[in-house]
Each structure stands twice: as structure tokens, then as C-alpha cells.
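>>> The sequence and its predicted three-dimensional model are supplied below.
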Amino acid sequence: MTRLFYTDKPIIGLDISNTGIKVMAIDIKKWLVLGYGSIDLEPNKVKKSLEGDSTYLADNIQLLIKERLIGSLPSKHVALSIPTDRSYSRTFSLPASVKNKLKDAVDLEVDQYVPVPASMLYIDYQIIERNKKELTILMSAVPRMIVDKCVAAAESAGLLVSLVEPGMNAVTRLITYTEDGQLPSVVVDIGPASTDIAIIDNGSIRVTAGLEIGGNTLTLDIARKLGITLENAHQLKVLNGLSAGPRQEKIRNSIEPSLKKIAAEVQKVMRYYNERISDDRKLEQLLVVGSGSNMPGIGDFFTNELTMPARVASPWQKLDFGKLPEPARQFRPRYITVAGLSSVKPRSIWK
């Protein structure tokens, strides 16, 4: 996009996932939250909206902005994230000599590793590292239909979409600003229905993966094992979690199988990074984010399971809500992606 008179317009974050929509605006010079809000969605209706003619997404974006917004939005320019499980990201290296043929090399990677024809994708890439011998490329590919549907839904609410990116890119941006994200780090984003895993280094994504186990899975595990309602199971998860206590052994036994599956996938990603990409740079930390990170003891679980320092990321220490009422502690993790979207610098888009 050509940089014209809206170079310095604030960017609003709009995060669309299978389970909800979040919006946030931040004055990044002061790290002051100007407005925010969220609305829950039904995954089946989201699927119909992304793949058919339903106006479900558009209707809920409008409802969120008109009736669920806390504070205000300073512009209509939006950085939009799409459901991460609908995107494909990959990092790979090429000889520096092929710099003038990057597009051909990226197209070849897409043909080999993305299970969707290139003609049905939006594909973008950037050089994230270079030396005299080779280039390191980060490539992202997203089905055109998904992007077009999300953009149309946002525009129907009077918003102007300036940037579209996978949710993990936004998370990486915020972590880089607030959590020593320049260090080689593992990021485990536990959402309601799925978990996304990424390794970031020097502020860029190097490897991504995911699996269909999320916070709702853990709640269901507790409910089944203890024979209680989902609401009570959720309360036990966020209040007691894996911490010591009289009911902890039953809670731990119910959710450990799912958590161990997440840890096993993390180990695969770490192994791939260490063997194929790391260039001898050691992974320094594991950061847990997302709505599933609000479970006590989750950091200690990954520390013990993976024998590396792990903790829940806390970007909220940097964000100032000013006079706005802050979201309840258990709901803050759901805003990490949208906070990353709204912290993008306008000049990095309009150049």
C-alpha cells in the first residue's frame, strides 16, 4: 500500500478465530490501551461463514464494535488475523546465489509442503536472515477464500483492512516487545480448541506446528474424570490447575494425557529446529500464552516435562489500561493475539 496521508493512523487489531472475535487499539508510544472487547462465537457457524454465504462473522464484528466495546477505537484501519489453523507457515534456507529467483524457490516450497494448490492461496515471504552463503526465508500461505471472507466481514462493519497475518505472527511481535523475544524461544499458544507451537529467534518465526488440543479439551477431561459439569470443571482448571491441593491429584491425572500430547509435539518441533535450523543457537526459554495459559502450574509442567525454563508470558505488565476497566485476570490471555496485532507500527505497513 502506498504511504500517503494515513501513514501515522493508529492500527486497530482484529483477531478472528474459530471460537471468538477480539478487538483492541493501543497507543504504542505510551503502550496505552484505548479500547478493547471480545465476543464468543460458535465454531460450526464460523465454519459456515468462512466456507459459505453466512453473515455470521460480519454480524458479530458489528455487534462487538457497537455494543461490546470498552473504550473507543481511534481509526478504522485494521490489522487482521485469521484462524491460525487455516494458514501455512514455513522457514527454509537457500543459497545466496538464488536471490534473484526467490519467487520460483518459494513456489517450489509451496508445491512440496502445502496441501492446497498455489492458485487457491495468497502467498507472501520475506528474508529474515542473510549471510554471504545463504538466505533464510519465512513463507506464509493462506487460502484465498478464507482471507477474502474475513476481509469482507471486517469491511461490512466499516473497517479498512490494511494487514492480514496468521495469529502467531502477532503473538511473536508482542513477545518480542515484552518478553525477551529476541532470544531463541519456544512459544506454546493454547487456545480454546487447539494449540499452536512456534520457535522464534531474533523476533522472527522459524518453525510452526499445531494440534487439536486446547483449553476446552482440558476442561472436558476434568469434567469426565471427576463427573462434574463443564462450568465446575472450568473453575477447577483456572483456580486450582496443577498446583498442590486436596483435589490436585485427580485434576492432574485427568489432564496430564492431553498436556503430554502437547509436550510431545513441542519436543518434535524443538528437535526439528535443533537438527535443521538452529545453527548452534540454543533454545533459551518456553513461553506459554493463550486462553489455556491461565491454569496454575502450567509453566512448571512444561519445565519438568521438557527440562527447560518455561513460564507463562506476561505482556500485561507493559500494557497500561489507563482509566479503562481491565479485563479480569482469567480473561487477559485471550487478548494476546489482538494486542500483538494492534502493536504493529503503521510505517511498517505503509512503505
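The structure has been received and is ready for your questions. Keep in mind the model is a prediction, meaning the values are calculated, not measured.
>>> So in this protein, which helix runs the longest?
Once the chain is assigned using DSSP state H, the helix that runs over the most residues is helix 248-272.
>>> same question for it, mean pLDDT?
Mean per-residue pLDDT for helix 248-272: 93.
>>> Likewise for stretch 173-191?
The average of the pLDDT scores along stretch 173-191 is 87.
>>> likewise stretch 198-213?
87.
>>> Contacts for the longest helix of the chain next, please.
Helix 248-272 is contacted from outside by 186, 188, 190, 195, 197-199, 207-211, 213, 217-218, 221-222, 224-226, 236-237, 240-242, 283, 286, 301-302, 305-306, using C-beta atoms under 8 Å, 6 or more residues apart in numbering. From N, CA and C alone the C-beta is placed, and that goes for glycine too.
>>> Next one: V151, what pLDDT does it get?
Looking at V151, the pLDDT reads 96.
>>> doesn't V78 make contact with it?
No: using C-beta atoms under 8 Å, V151 is not in contact with V78, being 9.1 Å away.
>>> Spell out which residues are contacts of both of those two.
V161.
>>> among the contacts of helix 248-272, which ones are buried?
Neighbour counting with 16 or more other C-beta atoms under 10 Å marks 186, 188, 190, 195, 197-199, 207-208, 210-211, 213, 217-218, 221-222, 226, 236-237, 240-242, 283, 286, 301-302, 305-306 as buried within the contacts of helix 248-272.
>>> Low-confidence stretches in the stretch 201-350 of the chain?
The model of the stretch 201-350 of the chain has pLDDT under 70 over residues 244, 278-279, 348-350.
>>> which residues in it form strands?
In the stretch 201-350 of the chain, the strands defined using DSSP state E, counting those that start in this stretch lie at 204-211, 285-289, 310-312.
>>> can you tell me which of these comes nearest to P143?
Closest to P143 of the strands of the stretch 201-350 of the chain, according to C-beta to C-beta: strand 204-211, at 15.9 Å.
>>> Just list what the closest one packs against, helices and strands only.
Contact here means 3 or more C-beta pairs under 8 Å, 6 or more residues apart in numbering; DSSP states H and E; on that basis strand 204-211 packs against strand 88-95, strand 134-143, helix 167-178, strand 195-201, helix 248-272.
>>> Distance to G52 for these - can I get that in CSV?
As requested, the helices and strands packed on strand 204-211 are exported to CSV (distance: least, C-beta to C-beta, whole Å):
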stretch, distance to G52
strand 88-95, 22
strand 134-143, 14
helix 167-178, 23
strand 195-201, 25
helix 248-272, 31
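>>> List phi and psi for the nearest residue to S54 once chain neighbours are set aside.
The shortest distance from S54 to any non-neighbouring residue, by C-beta to C-beta, 6 or more residues apart in numbering, is to K48 (4.6 Å). The phi and psi values for K48, taken as degrees, to the nearest 10, are phi -70, psi -40.
>>> Would you mind measuring from K48 to I61?
Using C-beta to C-beta, to the nearest Å, K48 is found at 16 Å from I61.
>>> Between these two, which is the more surrounded one?
I61 (24 against 14; other C-beta atoms under 10 Å).
>>> now S162: how far from K345?
12 Å.
>>> Looking only at neighbour counts, state which of the two leads.
Shown here are S162 and K345; by other C-beta under 10 Å, S162 has more neighbours (20 against 11).
>>> That one contacts I11, correct?
Yes: counting by C-beta under 8 Å, I11 is a contact partner of S162 at 6.6 Å.
>>> Give me the angle between the longest helix of the chain and strand 204-211.
Between the axes of helix 248-272 and strand 204-211, defined by axes from the mean of the first three to the mean of the last three C-alpha atoms, to 10 degrees, the angle is 130 degrees.
>>> buried residues in helix 248-272?
Of all the residues in helix 248-272, those buried under the rule 16+ other C-beta under 10 Å are 248, 251-252, 254-256, 258-259, 262-263, 265-266, 269-270.
>>> Please tabulate these in CSV, including the columns distance to M295.
Below are the buried residues of helix 248-272 laid out as CSV (distance: C-beta to C-beta, whole Å):
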residue, distance to M295
Q248, 12
I251, 9
R252, 11
S254, 12
I255, 8
E256, 12
S258, 12
L259, 9
I262, 12
A263, 14
E265, 18
V266, 16
V269, 21
M270, 22
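>>> Please identify which pair of the residues you listed lies farthest apart.
Q248 and V269 (28.6 Å).
>>> Can you give me the distance of N216 to N131?
From N216 across to N131, the span is 44 Å (C-beta to C-beta).
>>> So these two - more neighbours on which side?
Set N216 next to N131 and count neighbours by other C-beta under 10 Å: N216 wins out with 18 against 9.
>>> isn't the more buried one right up against T195?
No: at 11.1 Å, N216 does not count as touching T195 under the criterion of C-beta under 8 Å.
>>> Compute the first-to-last residue distance for stretch 78-96.
Stretch 78-96 has an end-to-end distance of 35 Å (C-alpha to C-alpha, to the nearest Å).
>>> Now do the buried residues in it.
Neighbour-count burial for stretch 78-96 flags 78-92, 94 (criterion: 16+ other C-beta under 10 Å).
>>> mind listing the strands for the stretch 51-200 of the chain?
Per DSSP E, counting those that start in this stretch, the stretch 51-200 of the chain carries strands over the ranges 70-71, 77-82, 88-95, 121-130, 134-143, 160-166, 185-190, 195-201.
>>> Figure out which of the ones you listed is closest to I16.
Distance to I16, taken as C-beta to C-beta, is lowest for strand 77-82 among those, at 6.1 Å.
>>> Nothing else from me, thank you.
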